[in-house]
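Peer 1: Attaching a predicted model along with its sequence, questions to come.
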Protein chains: 2
Amino acid sequence: MIDLKMQTQMANAIRVLSIDAVEKAKSGHPGLPMGTADIATTLFTQVLRFDPSAPHWPNRDRFVLSAGHGSMLLYSLLFLLGYEDMTLEAIENFRQLGSAAAGHPEYGHAAGIETTTGPLGQGIATAVGMALAERLMNAQFGSDLIDHRTFVLCGDGDLMEGISHEAISIAGHLNLSRMIVLYDDNHISIDGPTSLADSTDTLKRFEAAGWAATRIDGYDIAEILKTIEWAETTGKPTLIACRTVIGFGSPKKAGTAAAHGAPLGAEEVAAARASYGWTAGPFEVPAEILEAWRAAGQRSVDARKEWERRYRALPADERAEFDRRIRGDLPAGFDEAIRAYKARLSADKPNVASRKSSEMALEVVNAVVPEMIGGSADLTHSNLTRTKSQKGVVPGDYSGTFVNWGIREHGMAAAMNGIALHGGLIPYSGGFLIFSDYCRPSIRLAALMGIRVIHVFTHDSIGLGEDGPTHQPVEHLASLRAIPNTLVLRPADAVEVAEAWQLALEHRTGPSLLALSRQNLPTLRTEHVDENLSARGAYEIRPASGEAKVSIFATGSEVAIAVAAKALLDEAGWPTRIVSVPSFELFEKQSDEYKASVLGTAPVKVAVEAAIRMGWDRFIGDGPFIGMSSFGASAPIEVLYKHFGITAEAVADAAKARAAKLGL
Amino acid sequence: MIDLKMQTQMANAIRVLSIDAVEKAKSGHPGLPMGTADIATTLFTQVLRFDPSAPHWPNRDRFVLSAGHGSMLLYSLLFLLGYEDMTLEAIENFRQLGSAAAGHPEYGHAAGIETTTGPLGQGIATAVGMALAERLMNAQFGSDLIDHRTFVLCGDGDLMEGISHEAISIAGHLNLSRMIVLYDDNHISIDGPTSLADSTDTLKRFEAAGWAATRIDGYDIAEILKTIEWAETTGKPTLIACRTVIGFGSPKKAGTAAAHGAPLGAEEVAAARASYGWTAGPFEVPAEILEAWRAAGQRSVDARKEWERRYRALPADERAEFDRRIRGDLPAGFDEAIRAYKARLSADKPNVASRKSSEMALEVVNAVVPEMIGGSADLTHSNLTRTKSQKGVVPGDYSGTFVNWGIREHGMAAAMNGIALHGGLIPYSGGFLIFSDYCRPSIRLAALMGIRVIHVFTHDSIGLGEDGPTHQPVEHLASLRAIPNTLVLRPADAVEVAEAWQLALEHRTGPSLLALSRQNLPTLRTEHVDENLSARGAYEIRPASGEAKVSIFATGSEVAIAVAAKALLDEAGWPTRIVSVPSFELFEKQSDEYKASVLGTAPVKVAVEAAIRMGWDRFIGDGPFIGMSSFGASAPIEVLYKHFGITAEAVADAAKARAAKLGL
């Protein structure tokens, strides 16, 4: 047990490092670290199990700083505890280019940062995924290997965001009782007192979501400890609202919005240091205090070694499987399964919706990749993301691999990030493409973090028909392709769907999004090749007979329209080739030579996609584009494609008109 | 009072019309209308005040069908009550192209549809805006003119979505006690029983948000009436959870997910009709029942006429002002105020951030446009959207014109839609551009509905500096430009900011989004012209001296970089012109001649924007683009612009390299 005086000094070390870093950077958020340092110190010195020398220990407790603007709290902790990546130099370079101590915690910048936070609400929702992953892995590998807790420190902003509702209601429903949220209840947001904009009874709100909840003094260390102990006995996820004072110790700014997001200023820094009795210089931590912190960093080393013993005692095959899962490698036999399945498809030539061929592909994938965790936002039978043998994940029984996320696209996407970050599992979702808008902030974070999550977005165009413009994506392909480091795949037939699933699973450094049709699509890839042609991003799916005069570029459901247009054009004496473009991003990664060969030399270039033109100029320059330039409408599919002029005839006519314009 | 038997038959008319329409369309959602017909009948025949012959009566009670998939409930009501736009023919053509009875309720398709719904959660959140608008207009014009209620019928999907949390906590905080939500508590979602995915105590949840809440039997008409009466006395917004049975009356499908979203099938239709004792043919409503409905449609005519008398008794100037506000016309003097302000700016040449010049412009605007309702999602002092004289809107006092929305971007955007739909007010927001992702579904609905909402999105690029990639928009300009019918404005200096505000206010048929800088920008438009040059979308802001060899296209904060690049290029013997592109959408609306003249004939075309390239090929073909191709980073602004190569030198070098490539 650390004595109270030392613990206070340890907390003050966080405060002063945070103040110093913000002051030197001339920007940042000192208020949260100053306000919550005692909670964090208690947690990291007496509660959390982790080992700075083995920061990726799979069974470590997870800690998520959902209020990411208070990043200096986390950086101070990591440095003080002895995490190698977080040096004093990094902290002195807080918010400078290349520093591990970025403005907000960035996953991958330093071990110990479990997830990127900053966009409010994301941290708590991501942590729900971590807590769920812990239960899923526990069910699959047993308590000897995975048996940890997930802690979150969040602020009022996290709790005002809508995503927090989705997150806490999922966690409450699934009874993720090893999740403990410490709420920095400081009554202050950027604009002033939270009472300006909020009157929520937060405890009651969490209780309504199936959580245990209580309120404590954020500076009473004994109460903090006792309450965390209690939280572990509630049998429910637990909220502990900790009454704190933002900017604690700053004589003039404590308890006010002025402490939130700006340096305190030299005078107030001096006054705050004095209030802590802190006499060391900037960025100096007295040896005794640093030693106490470093000792605290060692307190779970024995527990980790004990875990290592259990791990080493496993049968070799079990250990190898656990290792593979944690590394994130796909199982042996995966490639071969996909190849064999593709060969079968090319022979069988199914005429099914790509959402259906996705289900067929998933039957193959899930049979060989046990780490797949599927789900749907209450559209299971529309998205077709649940394979036959998948058992549902239900409260108290986490041995299933399919999550009924409810009508919570945003919470689902964030939780999927948490599952991927936890390790050992590959999450995939089900939703309508239109509702990618609802989960965009979490998809962006997956892209920024570079983690493997897979979103199955069905009903990907006006092709969904009668539900009308509120449900018909028009701008979504472009707007998702716009996100850096995001793989958007729009496969044209069952074979490309199989290839898309292979690509998505093999794409370990960012999210993959599959855009799939509601309507049936013919198999176009009727000659089997082992190679994953979709991996090229774009490829010639139909050559011209003779020298091509027309190139048609298309994706997904419109490739079949291009094929029909080719027949019309060929017949009219315009030799036409077709390029299928399952992924813009993968195409851009090809060699210049390959790209030039795909773009081709045909003078007439046309693109067809049941979506807006944005992004297509890359392929067709100022050539004609057959697609959408407005919102859709409510009508049967065949009426809509005709109404909006997305037909083989329109493509052929546009090609001919272009040729005429070019004087061909 | 309508007798109980007739009331039941009236409800059955809704049921049968809904069943018939879904059956004929071969798609749609019969379950909700069948389940909630008695609630809706009670509401429309005994509670709501409206007049089908004056559907735009400003003081009508608003009714929002948040569970928009149950659209046939609303269409049946509108037809039965005698709304002209909703004919029996439209209903017979449910979900067919051009029918007023689209798959989901579409604002503008028929009077009586108060808002477009379908994307879950949007309706209830939009209704919060309507309820707030009612209080704001009441405070400004008095109870004689505006004094109505806002009713919502929502489903469990609405309440699972995160946006519902933001909506109900705003409504609870602002104590919008004239808002009553009827919750179709049928325990069924698409995947099956709601218990698959949810365990929320909904009443407790609403109470935690400051609402009154109770549970009733959705088929006990006396209880429904009594409870609505009680709701009007609670002094709080009120939730009434109505226990219902989805697909009520369908012998085999009632109470199951099978009734939710597909036709019942001929056999089950017959069985359901029999269970209602309904013998009339498809789409036939017995005369007696139709008469009773039409009579019910007349029950508030006297109230409306009484309102007309009060309205006519107003002093002429007050009435004219009220009329102007309801029509949505801008006040006389608005144009002149902007012109005078622009002249002042061109003389003063301020060097301020565009968020700051937006604040300056707002001081001018708000002084002459009293219908402006500002706000911010807890970033008031960053967005600078609150002008000096604006008073905050607080619980119980709605005479202010600035809303502290809290950290609720999505709820804010949806509520703004509701404010705009209500009429009499022009809502504008404040938020960071990065968080446009959080409110995208509501922005899209504003675009689809074609309503005037204005979003002020500051911190619009890596120019925000140290907060890093979680806060730096990169793909957002492209992804917002991708939304049809959305005006994205990125002004380059204080003069363009003033013009952007003018354009946004004058743009009555869709949302306008202003992307504004955190960093200072010099005034580039130093010669005053009365004309709003930004209205052209793109225009030459700096001509070449002599025949242009280089055209640089730029927006916002990068126009000043283009000006610096021009100096370098001019000096190097490359006469350069600069085109400022405040809006892609407005540019596309210009004549072909004008567009050609702006694109120009200079052989070298370069674009610079601190964002991704997508969309710029339209201006520069395959010419060089200076901007972002990855996420940003945490560092001071000057470091970032250099690091990512967005500098005058880089622009000049790219132009020269391009010229060399072209052999010039």
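Peer 2: In hand now; what should we look at? Numbers count the residues shown, from 1 in each chain, chains lettered A, B, ... in the order given.
Peer 1: A:Arg618 reaches B:Asp617, doesn't it?
Peer 2: Yes: the criterion here is CB atoms under 8 Å, and A:Arg618 meets it with B:Asp617 at 6.2 Å. Glycine gets a C-beta too; all of them are placed from N, C-alpha and C.
Peer 1: And the two? Which one has more around it.
Peer 2: B:Asp617 (21 against 18; other CB atoms under 10 Å in any protein chain shown).
Peer 1: What separation do you get for that one and A:Ser580?
Peer 2: B:Asp617 sits at a distance of 21 Å from A:Ser580 (criterion: CB to CB, to the nearest Å).
Peer 1: With A:Ile454 instead?
Peer 2: Taking CB to CB, one finds A:Ile454 at 21 Å from A:Ser580.
Peer 1: Looking at these two, which one has more neighbours?
Peer 2: A:Ser580 (30 against 26).
Peer 1: A:Glu499 is in contact with that one, correct?
Peer 2: No: counting by CB under 8 Å, A:Ser580 stays clear of A:Glu499, with 10.6 Å between them.
Peer 1: What are the boundaries of the strands in the stretch 201-350 of chain A?
Peer 2: Here the stretch 201-350 of chain A has its strands, by DSSP state E, counting those that start in this stretch, at A:212-217, A:238-243.
Peer 1: Go through these and pick out the most buried.
Peer 2: strand A:238-243 (a mean of 22; mean count of other CB atoms under 10 Å in any protein chain shown).
Peer 1: which residues pair with the residue nearest to A:Leu533 when sequence neighbours are not counted across the strands?
Peer 2: Once flanking residues are discounted, A:Leu533 sits nearest to A:Tyr539: 4.9 Å by CB to CB, 6 or more residues apart in numbering or on different chains. Taking DSSP bridges as the rule, A:Tyr539 bridges to A:Ser580.
Peer 1: show me the contacts for A:Arg518.
Peer 2: Going by CB atoms under 8 Å, 6 or more residues apart in numbering or on different chains, A:Arg518 touches A:353, A:355, A:382, A:458-460, A:463-465.
Peer 1: To what extent is the residue nearest to A:Thr116 when sequence neighbours are not counted buried, counted in neighbours?
Peer 2: Nearest non-adjacent residue to A:Thr116, counting by CB to CB, 6+ apart: A:Tyr107, 4.4 Å away. Using other CB under 10 Å, the number of residues around A:Tyr107 comes to 18.
Peer 1: hang on, A:Tyr107 packs against A:Gln122?
Peer 2: No: counting by CB under 8 Å, A:Gln122 is not a contact partner of A:Tyr107; they are 11.3 Å apart.
Peer 1: Now do the shared contacts for these two.
Peer 2: In contact with both A:Tyr107 and A:Gln122: A:115-116, using CB under 8 Å, 6+ apart.
Peer 1: From B:Gly281, how far off is the residue in the stretch 301-450 of chain A that chain B sits nearest to?
Peer 2: In the stretch 301-450 of chain A, the residue that lies nearest chain B is A:Gly406 (3.3 Å; CB to the nearest CB). Per CB to CB, A:Gly406 is found 40 Å from B:Gly281.
Peer 1: Helices along the stretch 51-200 of chain A, start to end?
Peer 2: For the stretch 51-200 of chain A, applying DSSP state H, counting those that start in this stretch gives helices covering A:71-81, A:88-92, A:122-141, A:156-160, A:162-173.
Peer 1: I'd assumed A:Gly210 was in contact with A:Asn175.
Peer 2: Yes: here A:Asn175 reaches A:Gly210: they are 7.0 Å apart, a contact under CB under 8 Å.
Peer 1: got any residues that touch both of these two?
Peer 2: A:236-237.
Peer 1: A:Thr194: what's it in contact with?
Peer 2: Contacts of A:Thr194 by CB under 8 Å, 6+ apart are A:156, A:187-188, B:406.
Peer 1: pLDDT score for it?
Peer 2: A:Thr194 carries a pLDDT value of 96.
Peer 1: and if you look at A:Met1?
Peer 2: 65.
Peer 1: and among the helices of the stretch 51-200 of chain A, the most buried is which?
Peer 2: Most buried of those, by mean neighbour count (mean count of other CB under 10 Å): helix A:162-173, with a mean of 30.
Peer 1: just the residues of the stretch 501-650 of chain A that are near chain B, which are they?
Peer 2: Of all the residues in the stretch 501-650 of chain A, those in contact range of chain B (CB under 8 Å from any CB of the partner chain) are A:612, A:614-615, A:617-618, A:621-622, A:628-631, A:633-636, A:639-640, A:643.
Peer 1: Could you report the separation of the residue nearest to A:Leu533 from A:Ile578?
Peer 2: Per CB to CB, A:Tyr539 is found 10 Å from A:Ile578.
Peer 1: Tell me which of these two has more neighbours.
Peer 2: A:Ile578 (24 against 20).
Peer 1: Show me which parts of the longest helix along chain A are buried, residue by residue.
Peer 2: Of all the segments of type helix in chain A, defined by DSSP state H, the longest one is helix A:4-25. Buried residues in helix A:4-25, counting neighbours by 16 or more other CB atoms under 10 Å in any protein chain shown, are found at A:7-25.
Peer 1: wait, what's in contact with A:Leu480?
Peer 2: A:Leu480 neighbours (CB under 8 Å, 6+ apart): A:436, A:443, A:486, A:488, A:513.
Peer 1: excluding its backbone neighbours, what's nearest A:Met10?
Peer 2: Excluding the flanking residues, the one nearest A:Met10 by CB to CB, 6+ apart is A:Thr41, at 5.1 Å.
Peer 1: which ones are touching that neighbour?
Peer 2: A:7, A:10-11, A:14.
Peer 1: Generate TSV for the residues you listed, with pLDDT as supplementary columns.
Peer 2: Formatted as TSV, the contacts of A:Thr41 follow (pLDDT from 0 to 100):
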residue	pLDDT
A:Gln7	96
A:Met10	98
A:Ala11	98
A:Ile14	98
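Peer 1: which one among those gets closest to chain B?
Peer 2: Using CB to the nearest CB, the contacts of A:Thr41 come closest to chain B at A:Ile14, 20.1 Å.
Peer 1: Please verify my assumption that that closest one contacts A:Leu78.
Peer 2: No: with contact defined as CB under 8 Å, A:Ile14 does not reach A:Leu78; the gap is 10.8 Å.
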